[in-house]
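*Asks:* pasting the structure only:
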């Protein structure tokens, strides 16, 4: 008899089925025992005349008769069950997984991640994450992008000398890549349009709710652009693809968590950095936006454009990395952007320098960048790209106050396991 | 005028178009100059009455009239061109990218990877890689798998204490993950079926043609299996999905490289390790298969089953990692397998231990594995999985003698850049 998933059981009323999963909840009353079984699809109730002899989180196989029941979740339950334990004896979980919410502190939840993640509400966020990535790839595939896989061990710090993890590489000093920046730019010379979904590493010495030592970066880079606005148009498609895929592939998780999915405007509104400071009421000489400014700007965009997304363009050159392309008309500003979503910076991107001489002009010592600069010595088109932090995206969607809640096994200043 | 891709130019005979790309080849004859332009789609020829003043690998935009031409690739070429350079002055490439093959040694090619990869034959392998990964994901998505992203920085060496890169992690000792093994097993407890496509790291001290310090591992793990054969059935679907996606998404690269795609049998033939030794003519006391044995077995499978794939099952327990599940009938053998493809081991997999007590019995010191063992303390189903080396897969497909030829920017004992 082949296995039936929990949520499919109601379609088998009157038949005998085999289900398998974890004992999610056990209620032993005087004359009847209820077991709620959990599998990857959801929950199903099993009814026995006597105690079942299995504890919560035991893995069992159950064969029984499906009967309609108004009281049971899904409108059907399994009766006359024969129960076969599949795991060994099992210890009681550190918290009750069957309650609507885990009553434990975040550190306890993270210490027990392999168990906490089994909670339907915890698991649901990661179904949304998986759907998001699928949508991201599909959108960029449709635009002629090629997926690439680049080195995570590098000889030179990518973004800056700070916040980088050192490795002993066969007796040499090496580093964990802070981004695939140099590789994705080089690969514009090969494929014109590339993306990568992969881990990036930041030796972030601050303990905040929105930084991790490792996170998943959705990177893209494309050539033959007029300026950063062509990059923004591609990013809009990518984000729309992500939202669309969540709607299609993770509808149950969206419903379970009560996630309100955003509308992605056909053209996401944009405001120049200089104007953004005014809107946020910040000092006009500020070189960057503070988190409070980003929140104020998001509220403004919602009021003004009815949009939960807002591009801020033209950040001052002095706050952007060396490969940033200046705004030809106002060279103190850059052809760069951030995408704000529900009050936080979700994406950073922009046009890059593409002429070899321009790199020589901005790099005090080009020697460590020789491998990177090779692409530019031999002809590169105007290009640009962006990087979107995956865990941060899901955190904003599900309204998680801490990015660790949307990371399976977070790594930070204090946490290296599980 | 919006840009037309090179391979679409023949559809615009009689019209003026704008194309953009790299000067792939320049031939200046007495009264005429031919420029071959290369973009992400392919090549197109541009004809001028006089020298164009641009060198190979310059990036240019060309507007001109499309005329039919029997001599031109694709049957059409661009005449009366107006050429606009998009890159700065460009140095001559270290090798002629327009020749059918790069006439350079592998070290020279790898030293100049950002340029060498532009060669159509070099690039083509990576289009096949990208299609393979897309097919892998689609096959597993259809089977109810969830994609996950797990830590690459770990507190304990995954597979063994050897061949692991050490990291300074905020003053603590940490390691680069040799595989997502522990995480994917834990996540079977959450999602039942998971996969990950990501980098793995091996401090491989040997300089061979088939090992790298970083490669891309296609990992999967699934619960509620009877034994390793259920894992093999899923792997068969994944490989069939990869081949199917290559056929669909990378047909031009397949044609360019003359790749003969394999047929994936509905059921891939399998031979037990003990019989495999006999077939290979190896010593019956050998605990593992040598590379020559794997080649002999692949030849035998092709002769006997007309299959380029062969499962070898039941490797001796003493050669498999501690989490391997024994064969209940013959406990010196394991419920494990390798998948051989065209003479090499492409995939390793098997059933894992799933009972907490079984782990305590095989681990001399369970303390460093406490985070890993938590999942088993709280109920895990019988499960198993596999890991497929992506670069090795493409290398066998395109018949590359060295795995570095199917890795964008390889990392090995001697190479840390570009």
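*Replies:* All right, it came through fine. Given the structure is predicted, the values throughout are model-derived calculations rather than measurements.
*Asks:* tell me how far stretch A:332-350 lies from the chain's centre.
*Replies:* When C-alpha coordinates are averaged (Cα atoms, centre = their mean, to the nearest Å), stretch A:332-350 and its chain have centres 17 Å apart.
*Asks:* what's the answer for stretch A:321-330, then?
*Replies:* Mean C-alpha position of stretch A:321-330 versus that of the full chain (Cα atoms, centre = their mean) differs by 29 Å.
*Asks:* what's the span of it, first residue to last?
*Replies:* With Cα to Cα, to the nearest Å as the measure, the first residue of stretch A:321-330 is 17 Å from its last.
*Asks:* cool, and stretch A:67-78?
*Replies:* Distance between the boundary residues of stretch A:67-78 (Cα to Cα) amounts to 6 Å.
*Asks:* what does stretch A:87-102 give?
*Replies:* One end of stretch A:87-102 sits 24 Å from the other (Cα to Cα).
*Asks:* now stretch A:352-364
*Replies:* Start-to-end, stretch A:352-364 (Cα to Cα) is 18 Å.
*Asks:* so what does whatever helix or strand residue A:302 lives in touch, helix or strand wise?
*Replies:* Using DSSP states H and E, residue A:302 sits within helix A:291-305. In terms of contacts (3 or more Cβ pairs under 8 Å, 6 or more residues apart in numbering or on different chains; DSSP states H and E), helix A:291-305 is packed against helix A:273-280, strand A:309-313, strand A:336-341, strand A:344-352. The C-beta positions use only the backbone N, C-alpha and C, and glycine is treated the same way.
*Asks:* spatially nearest residue to the residue in the stretch 251-400 of chain A that chain B sits nearest to (excluding sequence neighbours)?
*Replies:* Going by Cβ to the nearest Cβ, chain B is nearest to residue A:371 of the stretch 251-400 of chain A, at 3.0 Å. Nearest non-adjacent residue to residue A:371, counting by Cβ to Cβ, 6 or more residues apart in numbering or on different chains: residue B:418, 3.0 Å away.
*Asks:* and the one you found, what's its pLDDT?
*Replies:* What the model reports as pLDDT for residue B:418 is 93.
*Asks:* contact partners for it?
*Replies:* Applying Cβ atoms under 8 Å, 6 or more residues apart in numbering or on different chains, we find residue B:418 in contact with A:186, A:371, A:372, A:374, B:111, B:113, B:114, B:409.
*Asks:* by neighbour count, which of these wins?
*Replies:* The most crowded member of the contacts of residue B:418 is residue A:186, carrying 28 neighbours; neighbours defined as other Cβ atoms under 10 Å in any protein chain shown.
*Asks:* thought that residue was touching residue A:375?
*Replies:* Yes - look at residue A:186 against residue A:375 with Cβ atoms under 8 Å: they come within range, at 4.2 Å.
*Asks:* around residue A:9, how many other residues sit close by?
*Replies:* Residue A:9 is flanked by 28 other residues according to other Cβ under 10 Å.
*Asks:* how many residues are close by residue A:272?
*Replies:* Per other Cβ under 10 Å, the neighbour tally for residue A:272 reads 17.
*Asks:* right, and it touches residue A:314 too?
*Replies:* Yes - the pair residue A:272 / residue A:314 is scored as a contact, 4.6 Å apart, by Cβ under 8 Å.
*Asks:* joint contacts of the two?
*Replies:* Both residue A:272 and residue A:314 are contacted by residue A:333, under the criterion Cβ under 8 Å, 6+ apart.
*Asks:* longest strand in chain A, please.
*Replies:* strand A:16-28 (DSSP state E).
*Asks:* next, the buried residues of that strand.
*Replies:* Neighbour counts over strand A:16-28 (16 or more other Cβ atoms under 10 Å in any protein chain shown) mark A:17, A:19, A:20, A:21, A:22, A:23, A:24, A:25, A:26 as buried.
*Asks:* between these, which is nearest residue B:414?
*Replies:* Residue B:414 has its nearest neighbour among the buried residues of strand A:16-28 in residue A:22, at 48.8 Å by Cβ to Cβ.
*Asks:* now do the contacts for that closest one.
*Replies:* Listed by Cβ under 8 Å, 6+ apart, the contact set of residue A:22 reads A:37, A:38, A:39, A:57, A:58, A:59, A:60, A:118, B:189, B:379.
*Asks:* go again with 10 Å.
*Replies:* A:36-39, A:54, A:56-60, A:86-87, A:90, A:93, A:97, A:118, B:189, B:192, B:223, B:378-381 (Cβ atoms under 10 Å, 6 or more residues apart in numbering or on different chains).
*Asks:* skip the chain neighbours and tell me the closest residue to it.
*Replies:* Once flanking residues are discounted, residue A:22 sits nearest to residue A:38: 4.8 Å by Cβ to Cβ, 6+ apart.
*Asks:* just give me the neighbour total for the one you found.
*Replies:* Using other Cβ under 10 Å, residue A:38 has 22 neighbouring residues.
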